[in-house]
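Q: pasted the sequence and its predicted model underneath.
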Amino acid sequence: MMIDSQRFIFDAETATTMGGRTRQLTYGYDLIIKKDSIEAYLPYFGVAYTGTIGSSDDGGIKFKTADFDYTIKDAKKGGWDILIKPKNITDATQITMNISKAGYTTVQVNSTNRGMISFYGSIRAIKH
């Protein structure tokens, strides 16, 4: 199973801020999970607690790391609950994934410098 093997992609379809504002997303925002790395390309809408002066960043959650903790457990109603803790990434200190048996997924991203944001979408296998 792709969940146990840690080889899947989460495709984000909507984003919801802590304030409850929901936005439909265009195609191309994802979170790639591999056994040896995690790569995030997700948008961010919401409250930032700190800003970066002179930054050309568009404010998204973008990183690639090979240094992270990955914990998986069976969900109470079927599916899986995954907790990912990237190390040394302030844009995403904790990523919680709730995956249904059908692959529908909710992702919550907690950050040091920003309010929590949730994404809804689905997962698919990595082809290569």
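A: Happy to help now that I have it.
Q: tell me how far Val47 lies from Ile89.
A: 19 Å (Cβ to Cβ, to the nearest Å). For the C-beta atoms, the positions are set from N, CA and C on the backbone; glycine is no exception.
Q: between those two, which one's more packed in?
A: Neighbour totals were compared for Val47 and Ile89, and Ile89 leads with 20 against 13 (other Cβ atoms under 10 Å).
Q: what's the spacing between the helix or strand bottoming out on mean pLDDT in the chain and its chain's center?
A: The helix or strand of the chain with the lowest confidence, counting by mean pLDDT, DSSP states H and E, is helix 2-5 at a mean of 82. A distance of 16 Å separates the centroid of the chain from that of helix 2-5, by Cα atoms, centre = their mean, to the nearest Å.
Q: that helix: which residues count as buried?
A: By neighbour count with 16 or more other Cβ atoms under 10 Å, helix 2-5 contains the buried residues Ile3.
Q: next: stretch 77-97.
A: If you call a residue buried by 16+ other Cβ under 10 Å, then stretch 77-97 has these buried ones: 79-80, 82, 84-86, 89, 91-92, 94-97.
Q: which residue, neighbours along the chain excluded, lies closest to Ser37?
A: Distances taken as Cβ to Cβ, 6 or more residues apart in numbering put Ala66 closest to Ser37, at 4.8 Å, once the chain neighbours are dropped.
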